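S.K.: Need a 3D model of the sequence below.
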Amino acid sequence: MKMKNKATGKVVKAFGNLLHVEFQGNIQQGEVAFVRLPDVSLKAEVIEIAGKDAKIQVYEDTRGIEFHTPVEFTGHLLEAELGPGLLTSILDGLQNPLEKVADATGLFLTRGVYMPPLDRSKHWDYHPTAKVGDVLTRGDSLGFTMEGRFHHEIMVPFSSFGDYKLTWAIKEGSYTIDTVVAKAVDEKGEERSFTMLQRWPVKNALFEGEKVKPTEMMDIGMRIIDTQFPLLKGGTFCSPGPFGAGKTVLQHHLSKYASVDIVVVVACGERAGEVVEVLRTFPHLVDPHTQEPLINRTVIICNTSSMPVSAREASIYMGATIAEYYRQMGLNVLLLADSTSRWAQAMREMSGRLEEIPGEEAFPAYLASRISSFYERSGALQLKNGKLGTLTIGGTVSPAGGNFEEPVTQATLSVVGAFHGLSRARSDARKYPAIDPLISWSKYTDVVSKDLEKQAEGWGHNVRKAALLLKEGDEIAKRMEVVGEEGIAFQDMITYLKRELYEFAYLQQNAFDKEDAYCTLERQIPLFKLVSAIFDAHFSFENHDEARSFFLELQNEIKNMNFMPFKSERYYIAFAHIEQKFQGAK
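M.R.: Next up, the predicted model:
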């Protein structure tokens with residue numbers, strides 16, 4: 001929303017990055033302002049207005065700000081630039097292109113440097129699809145350009161409400177994003193010009209279409225998730241876990257192997273080293289679905305723990321807006337936020353400075369509603385052109401000391417559709433992924449099972465049976481710690497050994513092995529059928545030792561088979577040998 005006369009003000013009080021500004025003119029909540037220092041201007045956002053006093057949070061280091069330092073308000077909310085060229089980009093929480101900023105300022109980023117995220121000089125081959133005389137509304141396609149392998153739709157800006165009758169459209173050709181590609185008149189008869197570039201306020205959800213119930217599975221090549229705790233395209237999930245339990249590694253796996261078109265990675269408050277690893281590896285990794293470099297389908301937003309705290313919140317919303325924009329093109333998008341706890345901590349810090357009444361553990365009282373509104377931006381969207389776009393949101397949570405009862409984890413659990421809880425004990429035992437199957441859950445199991453029943457009869461029944469076996473096996477293991485192996489019933493021993501087999505040969509994967517790191521659904525189905533057949537089998541052993549040695553051999557053979565190329569001769573021979581082995585022991 002643009003205002004005719006921009007408001008101005010002056011700083012009257014400072015508390016860290018929170019400034020009290022006495023202003024003249026009209027301003028609104030969420031409006032962007034600039035604090036004018038002699039040598040630099042610092043970006044800020046209005047977060048509270050009371051009479052002629054405004055409280056603004058500055059996104060940069062505030063040293064040098066003095067009493068009566070001038071402030072200028074822009075009349076705009078914090079907006080994202082949306083258009084071709086976002087893919088492969090590395091941005092900060094305010095959408096500055098970090099590579100260009102580093103080229104301009106050096107490796108240590110200088111405050112007050114803001115650059116447009118999209119290249120204004122690059123030419124794109126534009127193909128118009130809308131014709132003169134067409135009546136269009138927000139989100140309707142004017143034309144398209146190819147962004148890598150994607151049809152990047154150039155749409156009527158989402159900020160343009162009402163009907164627009166097209167009066168002029170540019171010819172097919174090569175143009176920059178600032179070139180006017182179409183002109184139209186609105187319902188009042190006023191002419192509007194459209195370019196390939198549009199803007200949208202990041203804190204407002206962006207969608208045009210009908211939200212529908214997600215039904216399609218998002219397979220990620222990780223057996224414990226795909227089989228036991230599956231995900232849906234358009235769903236939500238979270239991965240809480242203590243420090244060092246493998247949250248970031250799990251997110252890296254998702255960003256590499258998830259069966260989606262586009263991935264938006266938001267590093268909001270994580271350590272810089274982990275983000276650097278993503279930046280170094282992604283250009284060299286190949287997407288298993290398309291055989292192209294992974295970076296071609298990725299947008300990375302960095303706001304690490306060493307960058308300004310107040311920009312963490314902006315980075316979360318910036319990522320959501322970019323993801324929603326691509327969803328409007330009928331694409332499947334995955335947004336990964338690492339970590340929402342750091343974002344919540346930034347909110348807590350700001351809430352304290354605003355002197356708001358604190359909630360549990362000093363987090364703001366509105367913590368749950370903020371987390372909820374973020375995850376609610378996910379979903380499957382039925383578009384007017386018949387396409388279905390989806391946005392899946394997954395966030396990691398870093399509870400202090402691994403305590404899942406703390407407010408951020410609890411607020412997240414109440415809104416997500418799947419919970420992949422990581423365990424310190426499992427990560428210490430070198431189990432990867434360290435997802436604890438006894439505490440994790442997914443609301444999408446029934447939906448996914450119905451779909452997979454077509455390929456594997458009884459899939460849902462077998463998944464529930466495997467979950468029960470894990471619980472029973474764990475209880476037996478606890479009893480064995482007290483009374484020893486010989487002190488439990490023989491049938492309980494068999495249940496325990498089946499659970500061990502499932503844990504080590506199926507649920508665990510080797511992230512360093514080329515074949516086992518990514519296990520396709522096509523490969524998981526016959527393996528899970530085999531494991532289910534072993535669960536159903538009744539074995540006749542003479543004693544505990546014979547049972548243990550048999551299951552250990554079987555476990556090793558299945559693990560070795562997991563390292564063999566799928567559908568290779570070695571794989572088929574190993575599979576047949578395992579079937580023969582357990583059939584002979586019945």
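S.K.: and the closest residue to A368 other than its chain neighbours, backbone torsions?
M.R.: Distances taken as CB to CB, 6 or more residues apart in numbering place A411 nearest to A368, at 4.0 Å, with adjacent residues excluded. C-beta: built from backbone N, CA, C; applies to glycine. Phi and psi for A411, reported as degrees, to the nearest 10, are phi -70, psi -30.
S.K.: Give the full set of residues in contact with A411.
M.R.: Going by CB atoms under 8 Å, 6 or more residues apart in numbering, A411 touches 367-368, 371-372.
S.K.: got a winner among these for most neighbours?
M.R.: Each of the contacts of A411 was scored for neighbours by other CB atoms under 10 Å, and I371 scores highest at 26 neighbours.
S.K.: Ignoring the adjacent residues along the chain, who's closest to that one?
M.R.: In space, I371 comes closest to A411 once its chain neighbours are excluded; the distance is 4.7 Å by CB to CB, 6+ apart.
S.K.: In the stretch 251-400 of the chain, what residue spans correspond to strands?
M.R.: Per DSSP state E, counting those that start in this stretch, the stretch 251-400 of the chain carries strands over the ranges 262-268, 298-303, 332-338, 379-382, 388-397.
S.K.: err, the stretch 1-150 of the chain, not the other one
M.R.: Counting by DSSP E, counting those that start in this stretch, the strands of the stretch 1-150 of the chain are 8-15, 18-24, 31-36, 41-50, 53-58, 70-77, 79-82, 90-92, 124-128, 135-136, 141-147, 150-155.
S.K.: quick one: buried residues of the last one?
M.R.: Residues of strand 150-155 classed as buried under the neighbour-count rule (16 or more other CB atoms under 10 Å) are 150, 152-155.
S.K.: ditto for the fifth one
M.R.: By neighbour count on 16+ other CB under 10 Å, the buried set for strand 53-58 is 54-58.
S.K.: What strands line up against it, and which way round?
M.R.: strand 18-24 (antiparallel), strand 41-50 (antiparallel) (DSSP bridges).
S.K.: Neighbours of the closest residue to V202 other than its chain neighbours, how many?
M.R.: In this structure, V202 finds its nearest non-sequential neighbour in Y317, 4.0 Å apart by CB to CB, 6+ apart. When neighbours are defined as other CB under 10 Å, Y317 has 22 of them.
S.K.: quick one: Y317 and S440, what's the gap?
M.R.: With the distance defined as CB to CB, to the nearest Å, Y317 ends up 28 Å from S440.
S.K.: and if you look at R280?
M.R.: The gap separating R280 from S440 is 31 Å, by CB to CB.
S.K.: The two: which is more packed in?
M.R.: Here R280 and S440 are compared on neighbour count by other CB under 10 Å; more neighbours surround S440, at 20 against 9.
S.K.: Might one say that the more buried one is in contact with F419?
M.R.: Yes - the pair S440 and F419 passes the contact test of CB atoms under 8 Å, sitting 5.6 Å apart.
S.K.: Overlap of the contact sets of the two?
M.R.: Shared contacts of S440 and F419 (CB under 8 Å, 6+ apart): F229.
S.K.: Provide the backbone phi and psi angles at the nearest residue to F404 once chain neighbours are set aside.
M.R.: Leaving aside its sequence neighbours, F404 sits nearest to P240 (CB to CB, 6+ apart; 5.8 Å). Backbone torsions for P240, taken as degrees, to the nearest 10, come to phi -80, psi 150.
S.K.: hang on, isn't P240 packed against L422?
M.R.: Yes - here P240 lies in contact with L422, judged by CB under 8 Å, at a distance of 6.8 Å.
S.K.: Overlap of the contact sets of these two?
M.R.: K247.
S.K.: The two: which has the busier surroundings?
M.R.: Counted by other CB under 10 Å, P240 and L422 do not tie: P240 has more neighbours, with 28 against 25.
S.K.: Can you tell me who the more buried one pairs with across the strands?
M.R.: On the basis of DSSP bridges, P240 takes part in beta bridges with V397.
S.K.: For it, give me its contacts.
M.R.: By CB under 8 Å, 6+ apart, the contact set of P240 is 247, 396-399, 404, 409, 412, 419, 421-422.
S.K.: now the protein, which segments are flagged as low pLDDT?
M.R.: Along the chain, segments meeting pLDDT under 70 span 1-4, 270-274, 305-307, 584-586.
S.K.: middle-most residue in it, spatially?
M.R.: Centroid-nearest residue in the chain, with CA atoms, centre = their mean: L336, separated by 1.7 Å.
S.K.: Dig out what that residue forms beta bridges with.
M.R.: V265, G394.
S.K.: thought it was touching V266?
M.R.: Yes - L336 lies in contact with V266 (CB under 8 Å); the separation is 6.7 Å.
S.K.: returning to that earlier point: for my notes, please list the strands of the stretch 251-400 of the chain in JSON lines and give distance to Y164 for each entry.
M.R.: Conversion of the strands of the stretch 251-400 of the chain to JSON lines gives the following (distance: least, CB to CB, whole Å):
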{"stretch": "strand 262-268", "distance to Y164": "28"}
{"stretch": "strand 298-303", "distance to Y164": "29"}
{"stretch": "strand 332-338", "distance to Y164": "26"}
{"stretch": "strand 379-382", "distance to Y164": "21"}
{"stretch": "strand 388-397", "distance to Y164": "22"}
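S.K.: Let me know which of these is the nearest to E79.
M.R.: Nearest to E79 among these is strand 298-303 (14.9 Å), distances taken as CB to CB.
S.K.: Against which helices or strands is that closest one packed?
M.R.: Contacting strand 298-303 under the criterion 3 or more CB pairs under 8 Å, 6 or more residues apart in numbering; DSSP states H and E are the following elements: strand 90-92, strand 262-268, helix 272-281, helix 311-327.
S.K.: The same query, at a cut-off of 10 Å, please.
M.R.: Counting contacts by 3 or more CB pairs under 10 Å, 6 or more residues apart in numbering; DSSP states H and E, strand 298-303 packs against strand 90-92, helix 98-105, helix 247-257, strand 262-268, helix 272-281, helix 311-327, strand 332-338, helix 340-353.
S.K.: Of all those, which one comes closest to F23?
M.R.: Of all those, helix 340-353 sits nearest to F23, with 18.9 Å by CB to CB.
S.K.: got the CA positions of that closest one in PDB?
M.R.: What follows is helix 340-353, C-alpha atoms only, in PDB (Å, rounded to 0.1, in the frame of the first residue of the first chain):
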ATOM      1  CA  THR A 340      11.900 -22.100  14.400                       C
ATOM      2  CA  SER A 341      13.200 -22.000  18.000                       C
ATOM      3  CA  ARG A 342      15.700 -19.400  17.100                       C
ATOM      4  CA  TRP A 343      12.900 -17.400  15.500                       C
ATOM      5  CA  ALA A 344      10.800 -17.700  18.600                       C
ATOM      6  CA  GLN A 345      13.800 -16.600  20.700                       C
ATOM      7  CA  ALA A 346      14.100 -13.500  18.600                       C
ATOM      8  CA  MET A 347      10.400 -12.800  19.200                       C
ATOM      9  CA  ARG A 348      11.000 -13.300  23.000                       C
ATOM     10  CA  GLU A 349      13.800 -10.800  22.900                       C
ATOM     11  CA  MET A 350      11.700  -8.200  21.100                       C
ATOM     12  CA  SER A 351       8.700  -8.900  23.300                       C
ATOM     13  CA  GLY A 352      10.900  -8.200  26.400                       C
ATOM     14  CA  ARG A 353      12.000  -4.900  24.900                       C
END
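S.K.: in the chain, which helix has the most residues?
M.R.: Once the chain is assigned using DSSP state H, the helix that runs over the most residues is helix 459-483.
S.K.: List the buried residues of it.
M.R.: For helix 459-483, by 16+ other CB under 10 Å, it's 459-460, 462-463, 466-467, 469-470, 473, 476, 480.
S.K.: Redo the residues you listed as CSV? Include distance to H123.
M.R.: Supplementary listing: the buried residues of helix 459-483 in CSV, determined by distance: CB to CB, whole Å:
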residue, distance to H123
W459, 50
G460, 52
N462, 55
V463, 51
A466, 55
A467, 55
L469, 60
L470, 57
G473, 62
I476, 67
M480, 69
